[in-house]
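Q: sequence plus the predicted model coming up.
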Amino acid sequence: MHPRYFALAACLLAAPAQAAVTAEPWGKTADDGRAANLYTLTNAHGMRVRITNYGGVIVSVEAPGRDGSKANVAQGFGSLADYTSAEYIRNNGHYGSIIGRFANRIRGASVTLDGKAYALDADKNGDMDQGGTMAWFRQVFTARVKGDSLVLSHVDPDGFMGFPGTVKATVTYTLTKDDALRIDYKATTDKKTVINLINHSYFNMAGEAAGPIDRQTLQVFAHHYTPIDSHSIPTGEIRDVAGSDFDFTRGTELGPRLASVDPQLAAKKGLDHNFVIDGAPGTLRIAARLTDPASGRRLEVWTTQPGVQVYSGNSVRPRVALAKGYVPHGAISFQTQHYPDSPNHPNFPTTELAPGQVFHEVTEFRFSTEP
């Protein structure tokens, strides 16, 4: 080959990746044949995130390790059918999804606004869980690409899953030049309602199916948490973490804590609790840091939200997850949020949204490596 072609090939190999958002068809839902797409966000470092407009699911996140090798650190699946099968839905598969209109739980599946009670979609315990059976994790969002961002839009009708008011929402994903995946949530309503939007991704910094996260270290920037009852619903108490196995204010190896005999942890076989993030809600501040010492991969979670549900993947039920080798404690979820069951606890930050107001929260998953 002529030397100039060698030089051209070398230049092409050395050329930096271009930031871009691309789209491709991803099939139709198994339940009712709705079409959805798969979007790939790439930044100039070659980091890549895949997202589908079905449920706003983050399908994968490829992040580099200390040695430069990339691994998918977000648990997810290879086809739309995997996310929409009856078995997956029956087993509460929420991997990577946007949960709304109200994430987590509401006791008694009822809210009262201005003296009027609204009956919501109840689960087998009589509570509302993750917004109801046909909540946002099962909706196909309208998608558009805006520069380097993917903008997903959804209109949630008045009365759907029992909630009052028509809510118009956008969820904007941006993969930044600094290897952060930024999620920007905005919503308005035409009638007073309640709202609590989260992302339900699971992360393992060693790789999606690398086994238990016992040797990874967790730091949670929270000096308080909200204890739960037997239905995993906050009691209303806001408890200091000092002197307990909920104290992650310093980086702590996860294994011993997930095996704790603390009644709150033992009952759930690990973490499934809301932490009260230090600092002022509404300001972008760090909530948590997860580090894999072996690979050097590190995730920092930053948010404007008042709380973060830290869930250590205490059980794995969908067959598609078991088939991929996912195991209990094989990943951890950081669901930045308002506190669960907030409508029933006046001492919790309000989740009410009225006409003329804008719900606006931001969460960033920042990926890096430690030396």
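A: Nice, thanks for sending it over. Numbers count the residues shown, from 1 in each chain.

Q: for the rest of this, base every contact and every neighbour count on C-alpha atoms.
A: Fine.

Q: and residue 86, its phi and psi?
A: The phi/psi pair for residue 86 (degrees, to the nearest 10) reads phi -60, psi -40.

Q: that one against residue 92, yeah?
A: No. Contact between residue 86 and residue 92 fails when scored by C-alpha atoms under 8 Å: they sit 10.1 Å apart.

Q: who does the helix or strand in which residue 168 is found pair up with?
A: Per DSSP states H and E, residue 168 falls inside strand 167-175. The strands beside strand 167-175 in its sheet (DSSP bridges) come out as strand 149-156 (antiparallel), strand 180-189 (antiparallel).

Q: the last one - what's its average pLDDT?
A: Per-residue pLDDT values across strand 180-189 average out to 98.

Q: who touches it?
A: Residues outside strand 180-189 that contact it (C-alpha atoms under 8 Å, 6 or more residues apart in numbering) are 165-176, 197, 353-367.

Q: now with 7 Å, please.
A: 165-175, 354-355, 357-367 (C-alpha atoms under 7 Å, 6 or more residues apart in numbering).

Q: which among those count as buried?
A: Neighbour counting with 16 or more other C-alpha atoms under 10 Å marks 165-167, 169-175, 359-367 as buried within the contacts of strand 180-189.

Q: coming back round to it: export the strand holding residue 168 to CSV, keeping only CA atoms.
A: Included here for strand 167-175 are C-alpha records, laid out as CSV according to Å, rounded to 0.1, in the frame of the first residue of the first chain:
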residue,chain,number,x,y,z
VAL,A,167,-49.8,16.3,32.5
LYS,A,168,-47.5,17.3,29.7
ALA,A,169,-44.0,16.2,30.3
THR,A,170,-40.6,16.2,28.6
VAL,A,171,-37.6,14.1,29.5
THR,A,172,-34.4,15.2,27.9
TYR,A,173,-31.3,13.0,27.8
THR,A,174,-27.9,14.6,27.0
LEU,A,175,-24.5,12.8,27.0
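
Q: residue 343 contacts residue 111, correct?
A: Yes. Residue 343 is within contact range of residue 111, at 6.4 Å (criterion: C-alpha atoms under 7 Å).

Q: and the nearest residue to residue 34 once chain neighbours are set aside, what pLDDT?
A: Counting by C-alpha to C-alpha, 6 or more residues apart in numbering, residue 28 is the residue found nearest to residue 34 once chain neighbours are left out, at 5.0 Å. Per-residue confidence (pLDDT) for residue 28: 96.

Q: again, but for residue 4
A: 49.

Q: neighbouring contacts of stretch 140-147?
A: 21, 36, 53-55, 150-154.

Q: swap in stretch 53-71?
A: The contact list for stretch 53-71 (C-alpha under 7 Å, 6+ apart) reads 36-38, 47-52, 72-77, 96-98, 136-141, 143, 152, 201, 207, 295-297, 367, 369-371.

Q: can you list the buried residues in that stretch?
A: For stretch 53-71, by 16+ other C-alpha under 10 Å, it's 53-66, 70-71.

Q: what does stretch 315-323 give?
A: Buried positions in stretch 315-323, judged by neighbour count with 16+ other C-alpha under 10 Å: 316-318, 320-321.

Q: about what we covered before: what is the residue nearest to residue 34 paired to in the beta sheet?
A: residue 35.

Q: what's the answer for residue 155, then?
A: With DSSP bridges as the rule, residue 155 is bridged to residue 168.

Q: and it, what is it in contact with?
A: So residue 155 contacts 166-169 (C-alpha under 7 Å, 6+ apart).

Q: excluding its backbone neighbours, what's nearest residue 126?
A: Spatially, and ignoring its direct neighbours in sequence, residue 126 is nearest to residue 108 (5.6 Å; C-alpha to C-alpha, 6+ apart).

Q: did I read that right, the one you found in a helix?
A: Yes. Under DSSP: H, G, I helix; E, B strand; the rest coil, residue 108 sits within a helix.

Q: in this protein, what residue spans correspond to helices?
A: For the chain, helices defined by DSSP state H occupy the ranges 3-14, 80-84, 86-90, 254-258, 263-268, 319-323.

Q: ok, of those, where does mean pLDDT dip lowest?
A: Out of the helices of the chain, helix 3-14 stands lowest, with a mean of 45 (criterion: mean pLDDT).
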